[in-house]
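Participant: what would the 3D arrangement of this be:
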Amino acid sequence: MGLVWLLNNFYDKFIFTNGLKFKEHNFFLMDLPFIICPAQLLTCLLETGDIDFERKLYNAIKESTSRHLIPLFGAEFGLRGEKMLDFLEKYFIASGWGLLKNIDLDFKAKKAIVSVSSNPFAGKLHCSPKMPVDHILRGIIAGIFSSVFGEGVDCVETHCIALGEASCEFIVKKHKEFDFSDSRVRQQLGIRI
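Facilitator: Model prediction:
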């Protein structure tokens, strides 16, 4: 009899339906490859203090999430709109990215506020940042909502666990709708005044 590996309710369903596999030395959820790795391997990317690198990281992750990851999930699971967001929220929570919650979601205006508590990255930084730091989650969130809204949006982190706050909070909306008098917005979106 084989070893049954129970992760959590989300992944257990895929294990029992044979949708989660380990083959050819890789994990697959349906046919989507994924890895399990220590958060510290990604946390170090948030400690560089290099603003240009942080913007490139954000934009690359946003682009990859929107153009590659979300279409694959849509093709594999046939999800769109709020059902896609619900699935992705459960997926990221079950995968150890923290407790994600849509605090405010407005499909018509293409805006959202997302809260993340128990963020595995921001809480583990070895540096003492002066600004919000989670450019990885910003990129993922921006890519998800750009795809789900069907229009490009950006994401700015306004609260951050790394700054001693209780949770990280992300504002999602169209680029032109951000308040560029806010230094966090200018730094994260690369605006020079």
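Participant: tell me the bridge partners for K21.
Facilitator: The partner list for K21 in beta bridges (DSSP bridges) reads F28.
Participant: can you verify my assumption that it contacts L32?
Facilitator: No - counting by Cβ atoms under 8 Å, K21 does not reach L32; the two are 10.7 Å apart. Where C-beta positions appear, they are placed from N, C-alpha and C, glycine not excepted.
Participant: what does the domain assignment say about the chain?
Facilitator: Per automatic domain parsing, the structural domains of the chain span 1-36, 39-189.
Participant: in TSV, list these along with mean pLDDT.
Facilitator: Output for the domains of the chain, formatted as TSV (pLDDT from 0 to 100):
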stretch	mean pLDDT
domain 1-36	70
domain 39-189	90
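Participant: please identify the deepest-packed of these.
Facilitator: Mean neighbours per residue, mean count of other Cβ atoms under 10 Å, is largest over these for domain 39-189, with a mean of 17.
Participant: can you give me the strands for the protein?
Facilitator: 20-23, 26-29, 32-34, 99-106, 111-117, 154-159, 168-173 (DSSP state E).
Participant: so what's S118 up against?
Facilitator: Residues counted as contacts of S118 (Cβ atoms under 8 Å, 6 or more residues apart in numbering) are G98, L99.
Participant: what separates the residue nearest to W97 when sequence neighbours are not counted from C168, distance-wise?
Facilitator: Computed as Cβ to Cβ, 6 or more residues apart in numbering, the closest residue to W97 that is not its neighbour in sequence is P120, at 6.7 Å. In this view, P120 and C168 are 11 Å apart by Cβ to Cβ, to the nearest Å.
Participant: which neighbours do these two share?
Facilitator: Common contact partners of P120 and C168 (Cβ under 8 Å, 6+ apart): G98.
Participant: nearest to E54 among the strands of the chain would be which one?
Facilitator: Across these, E54 has its closest neighbour in strand 154-159 (10.9 Å, Cβ to Cβ).
Participant: listing partners with orientation, what would you give for that closest one?
Facilitator: Strand 154-159 pairs in its sheet with strand 168-173 (antiparallel), by DSSP bridges.
Participant: the strand it pairs with to strand 111-117, inter-axis angle?
Facilitator: Note on geometry: by axes from the mean of the first three to the mean of the last three Cα atoms, to 10 degrees, strand 168-173 and strand 111-117 are set 170 degrees apart in direction.
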